[in-house]
Structure formats: C-alpha cells, structure tokens
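> generate a structure from the sequence data that follows.
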Amino acid sequence: MNTTPFQSDPPPSRMQRKLVVEVVEARNLLPKDGQGSSSAYVVVDFDAQKKRTSTKFRDLNPIWNEMLDFAVNDPQNMDYDELDIEVYNDKRFGNGGGRKNHFLGRVKIYGSQFSRRGDEGLVYFPLEKKSVLSWIRGEIGLKIYYYDEAADENIASHHQQQQPPPQPQEADEQYIPPPPQQMQNLPPEKPSFESAQSHSYQEPQQPPVVIVEESPPQEVMQGPSDNHPPRPPSPPHEVHRYPPEVRKMQVGRPPGGDRIRVAAAKRPNGDFSPRVINSKIGGASEATMEKKTTHNPYNLVEPMQYLFVRIVKARGLPPNESAYVKVRTSNHFVRSKPAVNRPGEPTDSPEWNQVFALGHNRTDSAASGATLEISAWDASSESFLGGVCFDLSEVPVRDPPDSPLAPQWYRLEGSAADQNSGRVSGDIQLSVWIGTQVDEAFPEAWSSDAPHVAHTRSKVYQSPKLWYLRVTVLEAQDLHIAPNLPPLTAPEVRVKAQLGFQSARTRRGSMNNHSGSFHWHEDMIFVAGEPLEDCLMLMVEDRTSKEPMVLGHAMIPVSSIEQRIDERFVPSKWHALEGDGGGGGGGGGGGPYCGRISLRLCLEGGYHVLEEAAHVCSDFRPTAKQLWKPPIGVLELGILGARGLLPMKAKNGGKGSTDAYCVAKYGKKWVRTRTITDSFDPRWHEQYTWQVYDPCTVLTVGVFDNWRMFSDVSDDRPDTRIGKIRIRVSTLESNKVYTNSYPLLVLLPSGLKKMGEIEVAVRFACPSLLPDVCAAYGQPLLPRMHYIRPLGVAQQDALRGAATKMVAAWLARAEPPLGPEVVRYMLDADSHSWSMRKSKANWYRIVGVLAWAVGLAKWLDNIRRWRNPVTTVLVHILYLVLVWYPDLVVPTAFLYVVMIGVWYYRFRPKIPAGMDIRLSQAETVDPDELDEEFDTIPSSRRPEVIRARYDRLRILAVRVQTILGDFAAQGERIQALVSWRDPRATKLFITICLVITIVLYVVPAKMVAVALGFYYLRHPMFRDTMPTASLSFFRRLPSLSDRLI
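Numbering: from 1, shown residues only. As a prediction, the model looks like this:
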C-alpha cells in the first residue's frame, strides 16, 4: 500500500544524480604505527554522507580499488559542494595504545572538478596537512565522476543490492531539507542570480588539478535546458556560514593549475585565491583593448546608462508657498528639494539647481515607449502646478567629450480644467539627456542607487603636504636658575618642544661654569603639514626638583621657518625666552625676559614623509616639488563591483543589509566610490587614474560599510571594514589589462573570515620608453637626504604615527569625510603591533628564503651518496672541466642562473597576487594568540591571562636564547683556533696549516682541487658513518659558554 503512491508520485522524467569516488591507491604514506609502517583506510565525506574503505594492513603503498557512491541532492549547484577525503592509520593494528587513529593526510576537492562518467581519469592528489605543524607526505590516486539516472532505476539498484523495500524511502527521507525558517537569512533572489551568472564567471576557469587525459574539463553547471527537479533548500551546514554566492566565489583557479602533471598542483590559498573573471572587460583580447585605449579613456569599466534630469528654475508659477518638482518614470519616482527664492526675486520664480541620475535601459525604453513626467507641486497644499512630459526614445545621448547640454524653458501644461481655472501657468527650465557614470554631473547628482546624502557621493581626496621640521637645540643663556640648590648639585635643565600633539624633550644639558650657559647640540624632528598655521612652542624646564619648573618659553610660527631641499648649512638664531607672567598662560611678547636660546630650525624638503609602512608604500617622492622626477607611466584602476558581501547591519526589523563603498589609495591621491545602499552585490563601475613615479609601489583598495549616512553629528559611528587588497605595480605587465576577483579577508578575534569578493580591472600604461622604466630600478628607493642624514628606526616609527594622525585629521575635515578608522586601516597603522601570528609568519618566511640552500645541500648529499650514479658521474665530469678551465666557473654560474629564470618563466604568476592566508598564518592561528593580537596597550585582560602569555613568551625567548648562544659558540670556536685558549688545539691547527701551505706550494692547485673534490664525492663504501676528524676537532674547541654566570 505504501509503495503505490511512492511509485506514482514522482514524474517519470525525474533524474537522480550519483557521485562515484573510486579510491584506487595511495603512495609513500608516512609510517605512524610505531613499527615503520601504517595500516591505512580512507574516509570520504560528501554532503553529510560519510563512507570508508577497508583497512590495508601494514602497507605504505596500499591499493584499495574500492568504489563509494553518494547521492547528489542539488545537481544544479554541485560545483559549490566539497568532497573531503581523509586518510587515517587504524590504531587496532599499531604498536601503541593511542586513543584515536593517526591522521595521514587529507584532500579537499570541489564540485567543479568532478567529471561526467566516461570522461574521468586517474588523478593523484598530494595529501595536505591539517595544520602547519603536521608532518604529512604521500599522495592518493582517485577517480571521481558522476552520472544521472532515473529515479525508478535508482530504486531498482537499491533492490539489486539486497536492501529491504523500505530502505529507498528511508534514504530519501534522511535528506529532507531543513524547515523554511532556517533559510530566512539568505536573500531569495540569490539562487536565481547565481544560476544566471554561473557561465560568465565559471567557463574560463580550469580545474585546480589536471587530469591525465587531454580532453577539456567538463562544465558542471546545468544549463536551462537540463531536465532536473527544482533546487531544494541547502542542508543546514551550508546555511550557517556563508550564502551560496560566497561559496561560489571560493572556487578559484590557482596559479600554475594548468601544468601537465599526474600529481595535482596544490591550491596556494585554498578558497581564498584571486581568480580571473570573464566579463566584457576582462574577456576582451589585448588587441581590442589597445584599440579602445585610443578612443575611450574609460575602457576598464562597463558603461552604466543613466537618465539625467537637471531642474534649474521656474518662472510665472501660480501663487504658492514652497514649490517642489516630481520626476517620474516607469521605474523611478523622486522629488526634489524645496525651492529657494533669491532675495529681491518674485516668489513665482523658484530655483532648485538639482540633478537626478536615474538608472536607465535605452533598449527597453524604446521598445515599451516609456515616458518621463516632470511636474511642479505646492508643498503646503499638495496642489498641482503643471507638468512636462518627454518621450524617452527621443531624449538625446551625450558623450563625455561633448559640452554640457544647455537647459531650456518648457511650458508647464495641465488638464483643460486646470488651464481654465488658472492653477497651471508658467515655465520651467530644465535639461534631459542620457549619459553614463563618466558624465561630470554624475558625482553630484541624486542617484537612484543611493540616497541623496553627503556620505554616499564619490569623491577624490588629496593628502596634505607634509614636511619634516628639524629643531636643533644648541645653547641657552641668561637662565634664571633657582639659587637654593644643594651644594655640589648641578641643575638639570632640559628643553621641551611641542608642535600640535607632538612633543619631544632633550637630554640633560651640560652647564658651563664660567658663563652659566647650557649646551645640548641635539636634534628633534616633527611632522608639519600645510598650511603651516601651527606654532612651535619651546619650553626650558628645570627638573632638578620633583616638580619641574618652567624657566621660559618661546613661540615660533612654523610658516616663518626656512625651507631647504638639500644638506646645505642653515644658520642658527637666538630666540628670546619669555616668562608666563605668573598667570600660567603663554603670551606673545608680553612676558618678562627670562633668557635666550639658540636654535637651528629648518623645514626639510628633501625627505619623504612616510605615512605608510615601507613595504607597502605607494610613493617615495620627496616633499619639495623641485626634486620630483617626471612620471614613467599611468596606473588605471577600474572598480567594477563586489560579490557575495556578508550582511554588516540589520535594518527594518532585523533584515541583513550592507551599504558598501570602496576606497583606493595611491600616492597622495585618495578616491572614494559612491555608496550602493542595501546590496550584497554592489556594482560601482568607476575608473580612476594615477601618475606613477616609481614602479616598486603598492596600490591599496579597501571596501567599507557606510555607517555615517545613518548617524547625526553627535553620534559619529565609524564605518565598518569589510576587507582590502594590495596590488604591487611592478608585478603588472605594461599596457595589459588585468580583470580579477580578489577575496576580501578580515582577521577577527574569532578567526579569519571571508567577507566577499571585489572585482577590479587594473592596467599599468607606460607611454615612455623602456630605458626610462628600467632606469628606475637602479635608482635609490628613498630620496637622497635619507642616506646623507638617515633617521633612526624608532624615530621613523614615531614620525610615521604622527603623519598618519595628521592625514586622518585632514581627510576627516573633507565633505564627505573620510573617517579616521578608514585612513588607519588603509595605511596599516597597526602593522607594527606585537603578534605571535606575525612572528611565526616571519619565521616561516625566513625558512622559505633559505629553502634553496637546504635543497642544494640535499642535492649535494644525494650526489656524494651516489643515490643516482649517472648524475654523480656527470657531476664528476663537470667538476673536472671547471677545475681544468677555471675561467669558465663564473660564466657557467651566470648561465645556470639564466636557465633557472627561463625555466621558472612557465610558472610565473598570471595575475597579481592577493592576500596569502598561508603565508600570514591566518588559517591555523590559535584563538589565544588572536586574542593577544587584538589586545590593547596596556593590556585589558585578566592578570592570570597576562601571566600565562608572559610565561609563553619566556619559553619562546629561551629557544631564541639557545639559538643565539649556539651561533655565538660557533664564532668563538673559530676565534679559538689562533687565540691560544686551548694551547694544544692551536698548536695542532698551526701545524696543519703549515703542512697545507707546503703542499700547496709543491703540488699544483688543480691537482689539489681535483683530489679534494673526488675525496668529497667518494663512494659510500669508502666513507665512515662517524663524524670526520676535522668536524670533531672543531667541536672540541673551547667557547666562552663556560664563563657565563
């Protein structure tokens, strides 16, 4: 009775997709059972379905040849699903008593890598680590494919596997989707948009691993003609983290993914790799782009059509109190601001001077015969004052090179009754045209995709011009020192200088007993910004007693200080010190004479004021414009949009929303796009350009959520960061357009989080000749003054902090303001804060730098151990040639470097790299280390937490201390060879050196070199496993470690 409705309910054409994972074999697994082997088995997890293979007893190269099948609940979105494959060692067959099975490696495969049945191939995936500290090796061979079958065939196959009749129904019931209320956090329109955009963003992507067959990769996304059931809701574990479009953006193409190798290339950043997007911009050929550059300067972004309506003024209106204008189309309805009447003008001639930019599709408007209605109304009585109607198919189109369209007078019209009653009369002056976002009226226009508030407009900002102010304190005379000092006590006199929020104090001055003057000869450097309106305050303090006493002060306007652009000598000047007059307030020449001070003041124009971290700096030009060199190219950036942004705020009763805008910074120029309100996929399509003076600079692009548009002046809530990317200009090829999508990553106290993706198009245009660009690589990075009179590291950090505050304060006074939190995030103001994660990342960077030396040492060790006899013999022959012809050593070395460079050309990065989470150690960071990284200074954590972190640092410091001690001991042993600390060792060493000298005088050098080389490369049968006599002699030399207390 139960089977009848089950067989008749689904339609005959319903298809069921099956995924088959054939686990073939594994190679070179790591022994984990304590007996030099492993008993491996494989666990495969797909869409909450977990299955495992049998255990292969004590085999490091197990062969399974087992097939595991899984049901695909959502065939249309299968390329978003993940297939997790983990290899374990079965503890039951091991020698130890472990509580859990040992982890041998894992592989994560995305649905875009699945092949249809018949096109599959055997692919070997390298086993990946679970954490950075894991020790994993080996690879696993898999065949993964899918096929579609009818639902009744699926039931029959279950019967053939001798399962009870109710089992198919239970299998269908266990994949029942979650209730509808669990899906409320996802926008209902996302799945359809995702399906519509799948081909434009997935077709050009190659799978991260390459199949042995030469057939092209199969497209996983189903087209509109595929006969599949509608998409069921996603399982709960897919809903809680990211919406579908975010998971879609995580499927990227890693660099080097098209190499023809059996072992698949590893994804460098997993789900967080940048990828090339296929759009109208990025999909064009280079020849097409070069043709575009000669006609349209805004060819990096797609044109977005807008209907522009400029309302200027009206005349001859009927009597009204406050008139306003309504603009209505088939898709938009807006109203203008209240009219303004000029003084002395009649009240029937109001003015608006307002521009509206309404989203427009000219093709649809021409087909549907849409119209534009502009009407005037009285705000107090809501009475109709007249209107004008336009046919949108006849509205002119304006291109940016054309001059602005002149407004014209139009007669206000109404119904016949309105005309007879006199309620409609007058004219209105306006202009209507169709343009794009390039139109000069667009930045100030009311846009249909953002409210008309100041904080949503696109703007261009300029950083202030910053100078280094050098204050050299030389001497002070005629100071009124307190006479009641104890005997034999010299007064402690210091000079304190203050410029705005910056202050510095000199060391204790040396006193001349004959003249009673004080000398310092000390430099203090401050950051001064134009306009130079501040005053430099100098206070001479007597700090002999517990409470400092001000002996005098001087106020010097910064605008009166001499400017210099080189190291020429600046004469010193005497400045009179004034007292506070007993009132405690500084005066301007009204206080009594309290002595004088000699100062050498100058504004340094030959330095570059660092406001960014040196490794991500976007400009190295000096402050003085006379020292600037001509630009070498133009950097063009097209900010296309963002995809899959996460909700940043709640609106209208808890609905998630994001009001995103983008900020880009390069050199002194900051740009800010308009704010797209209430959109998780904003499209900006704005293009900006910068002049490039140095190719070794970095462009920074950040995305933020706008909070200031909802807050008043008293409640200035900061904008929320969504993420940022950096693009180094030197990694861009000349005159080539890069259209890529970069993940927006933010490190939170809870861990790394992907906030979405940003799509940009960038091009580095070099109109100048190639020698001019190449000559920049041979020039000093910083201006000349940084090398003639260098600044200390600590001093540079302090000055950089001051410069960052000044830039943030300057941009906060703009309209719309650029918040201090935005400026600090773009300038990496907190990049020098302590972080255990960054310390680990820097350590692994050092290990990576030294990896070539380790690899060379391993290769030489394999040669001398005769692992490959043919290679060792060839090395012998090459060594003989180089010894007999030593003049070929240097050319051969350089030729080898050239060959290495040519070999790695095929593995060069195809797109500019984004943020690297593995290099940053962001995917395996400990929660306590993250909490420590986000802690304030001074710490706000509990004392026991601070004590535990301090103990952890002490343990780490012990390791560093031991390593430093070992390095020092090796150097001291080298010194002990001839220092006679060990007389017998020194005698032996001197005797051996004498014997070597005699041998080298008698025997030709080539013969000695051949003998030493062949001795080093001798066969292992002639080599002892114990350390050599020379190494043992060196290790026995004394060091100074035994003298440490």
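
> need the pLDDT of the residue nearest to residue 149 when sequence neighbours are not counted.
Of all residues not flanking residue 149 in the chain, residue 16 sits nearest, at 5.8 Å (Cβ to Cβ, 6 or more residues apart in numbering). (C-beta placed from N, C-alpha, C; glycine too.) Turning to residue 16, the model gives it a pLDDT of 83.

> ditto for the one 4 residues further on
According to the predicted model, the pLDDT of residue 20 comes to 92.

> ok so, going back, in what helix or strand does the residue nearest to residue 149 lie?
Element membership for residue 16 (DSSP states H and E) is strand 15-27.

> now residue 794
Counting by DSSP H and E, residue 794 is part of helix 793-812.

> what residues sit buried inside that helix?
798, 799, 800, 802, 803, 804, 805, 806, 807, 808, 810, 811 (16 or more other Cβ atoms under 10 Å).

> quick revisit: distance of the residue nearest to residue 149 from residue 148?
7 Å (Cβ to Cβ, to the nearest Å).

> repeat that for residue 894.
Distance of residue 894 to residue 148, given as Cβ to Cβ: 59 Å.

> who's more crowded, the two?
When residue 894 is set against residue 148 and neighbours are counted by other Cβ atoms under 10 Å, the residue ahead is residue 148, at 17 against 9.

> show me what that one is bridged to.
Beta-bridge partners of residue 148, counted by DSSP bridges, are residue 17.

> counting contacts, what elements does the top strand by length along the chain pack onto?
Assignment by DSSP state E gives strand 751-765 as the longest strand of the chain. The contact analysis (3 or more Cβ pairs under 8 Å, 6 or more residues apart in numbering; DSSP states H and E) places strand 751-765 against helix 244-249, strand 633-643, strand 698-705, strand 720-728, strand 737-748.

> can you give me the buried ones in the longest one?
The reference is to strand 737-748. Neighbour-count burial for strand 737-748, counted by 16+ other Cβ under 10 Å, picks out 737, 738, 739, 740, 741, 742, 743, 744, 745, 746, 747.

> relative to helix 793-812, how tilted is whichever helix or strand residue 528 is part of?
Element membership for residue 528 (DSSP H and E) is strand 518-529. Interaxial angle, strand 518-529 versus helix 793-812 (axes from the mean of the first three to the mean of the last three Cα atoms, to 10 degrees): 40 degrees.

> report the buried residues of strand 518-529.
For strand 518-529, burial by neighbour count (16+ other Cβ under 10 Å) applies to 518, 520, 522, 524, 525, 526, 527, 528, 529.

> doesn't residue 759 make contact with residue 276?
No: in terms of Cβ atoms under 8 Å, residue 276 does not count as a neighbour of residue 759; the distance is 10.5 Å.

> so what's in contact with these two at the same time?
739, 740, 741 (Cβ atoms under 8 Å, 6 or more residues apart in numbering).

> just give me the closest of those residues to residue 911.
Using Cβ to Cβ, residue 740 is the member of the shared contacts of residue 276 and residue 759 that sits closest to residue 911, with 5.0 Å.

> CA-only coordinates of the helix or strand that contains residue 472, as PDB, when you get a sec.
Element membership for residue 472, per DSSP H and E: strand 466-477. C-alpha atoms of strand 466-477 as PDB (Å, rounded to 0.1, in the frame of the first residue of the first chain):
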ATOM      1  CA  LEU A 466      53.800  67.100   5.000                       C
ATOM      2  CA  TRP A 467      57.300  68.400   6.000                       C
ATOM      3  CA  TYR A 468      59.900  67.200   8.500                       C
ATOM      4  CA  LEU A 469      60.600  70.100  10.900                       C
ATOM      5  CA  ARG A 470      64.200  69.700  12.300                       C
ATOM      6  CA  VAL A 471      64.800  71.600  15.600                       C
ATOM      7  CA  THR A 472      68.400  71.700  16.700                       C
ATOM      8  CA  VAL A 473      68.800  73.000  20.200                       C
ATOM      9  CA  LEU A 474      72.300  74.400  20.600                       C
ATOM     10  CA  GLU A 475      72.600  76.700  23.700                       C
ATOM     11  CA  ALA A 476      70.700  78.600  26.300                       C
ATOM     12  CA  GLN A 477      72.000  81.700  28.200                       C
END
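
> quick one: which helix or strand includes the residue nearest to residue 466 when sequence neighbours are not counted?
Leaving aside its sequence neighbours, residue 466 sits nearest to residue 609 (Cβ to Cβ, 6+ apart; 3.9 Å). Remark: residue 609 resides in no helix or strand, with elements defined by DSSP H and E.

> can you tell me how far residue 609 sits from residue 527?
With Cβ to Cβ as the criterion, residue 609 and residue 527 are 6 Å apart.

> list the buried residues for the longest helix along the chain?
Once the chain is assigned using DSSP state H, the helix that runs over the most residues is helix 943-975. Using 16+ other Cβ under 10 Å as the test for burial, helix 943-975 gives 949, 969, 972, 973.

> now, which of these sits nearest residue 537?
Nearest member of the buried residues of helix 943-975 to residue 537, counting by Cβ to Cβ, is residue 949, at 40.4 Å.

> still on that earlier bit, chain center to the following helix or strand past the longest helix of the chain: distance?
The helix or strand immediately downstream of helix 943-975 is helix 983-1002, counting by DSSP H and E. For helix 983-1002, the distance from its own C-alpha centre to the chain's C-alpha centre is 59 Å (Cα atoms, centre = their mean, to the nearest Å).

> I'd like to know which elements helix 983-1002 is packed against.
Counting by 3+ Cβ pairs under 8 Å, 6+ apart, helix 983-1002 packs on no helix or strand.

> who touches that helix?
976, 977, 978, 979, 980, 1008, 1033, 1036, 1037, 1038.

> could you check the angle helix 943-975 makes with that helix?
Orientation note: helix 983-1002 sits at an angle of 50 degrees relative to helix 943-975 (the same axes, to 10 degrees).

> quick one: average pLDDT of helix 983-1002?
Mean pLDDT, helix 983-1002: 92.

> residue ranges of each domain in this protein, please.
15-150, 305-448, 466-481+490-580+591-604, 625-792+814-827, 836-1043 (the TED database).

> can you add distance to residue 272 and give these back as a markdown table?
Shown next, in a markdown table, are the domains of the chain (distance: least, Cβ to Cβ, whole Å):
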| stretch | distance to residue 272 |
| --- | --- |
| domain 15-150 | 13 |
| domain 305-448 | 30 |
| domain 466-481+490-580+591-604 | 35 |
| domain 625-792+814-827 | 5 |
| domain 836-1043 | 5 |
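
> hang on, the earlier thing: does the residue nearest to residue 149 touch residue 73 like I think?
No: Residue 16 is beyond contact range of residue 73, at 9.7 Å (criterion: Cβ under 8 Å).

> now stretch 968-978, how far from the centre of its chain.
So, by Cα atoms, centre = their mean, the centroid of stretch 968-978 is 46 Å from its chain's centroid.

> can you check stretch 841-850 too?
Offset of stretch 841-850 from its chain centre (Cα atoms, centre = their mean): 20 Å.

> identify each buried residue in that stretch, please.
Residues residue 841 are the ones in stretch 841-850 that count as buried (16+ other Cβ under 10 Å).

> tell me the phi and psi of residue 141?
With angles defined as degrees, to the nearest 10, residue 141 sits at phi -100, psi 130.

> so what's it up against?
Residue 141 makes contact with 24, 25, 26, 27, 122, 123, 124, 125, according to Cβ under 8 Å, 6+ apart.

> top of those by neighbour count?
Most neighbours among the contacts of residue 141, by other Cβ under 10 Å: residue 26, with 27 neighbours.

> please name the nearest non-neighbouring residue to that residue.
residue 140 (4.6 Å).
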